[in-house]
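**Student:** Coordinates only, no sequence provided:
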Ligand SMILES: [Zn+2]
C-alpha cells in the first residue's frame, strides 16, 4: 500500500515539473512580461462564462481564455487564442 502512495507522489512531482513555468509564444511572437520583461510563465485557463457577460449580451465571449502568469512578478496576461509552449 505504501509503495503505491510513493509512486503516486513521484508521479505528481514529475507532472508538476513537466507543467512548470516555461516560455510561450502567441501568434508566432515570443511572450514577454510587460511588467518585468521576464520570459517564464505558468500556463492556465480561465473561464470567461460569467453572468455579467450574459447580462450585457456578450455571450460570444463565453469561452475559456488562456492565461499566462509571469513566474517572477505574477503579472497575468490573457489570450483568446491558443498560446504555444516553446520551451
Ligand atoms: Zn513579470
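**Tutor:** In hand now; what should we look at? Please read these numbers as outputs of a predicted model, since none were measured by experiment.

**Student:** And the strands in this structure?
**Tutor:** Secondary structure of the chain (DSSP state E): strands at 24-26, 29-30, 41-47, 64-70, 76-79, 84-85.

**Student:** ok, and what's touching the third one?
**Tutor:** Contacting residues not belonging to strand 41-47 are listed as 19-24, 31, 33, 64-71, 77-78, 83, 85 [C-beta atoms under 8 Å, 6 or more residues apart in numbering]. Yep, even glycine has a C-beta here, placed from its N, CA and C like the rest.

**Student:** For that strand, buried residues please.
**Tutor:** Residues of strand 41-47 classed as buried: 41-43 (neighbour count, 16 or more other C-beta atoms under 10 Å).

**Student:** What residues does this protein have near the ion?
**Tutor:** Within the chain, the positions adjacent to the ion are 33, 35-36, 38, 70, 72-73, 75 by C-beta under 5 Å from the ion.

**Student:** Enumerate every residue touching residue 30.
**Tutor:** When contacts are counted by C-beta under 8 Å, 6+ apart, residue 30 touches 23-24, 39, 86.

**Student:** Mind listing the residues bridging to it?
**Tutor:** Taking DSSP bridges as the rule, residue 30 bridges to residue 25.
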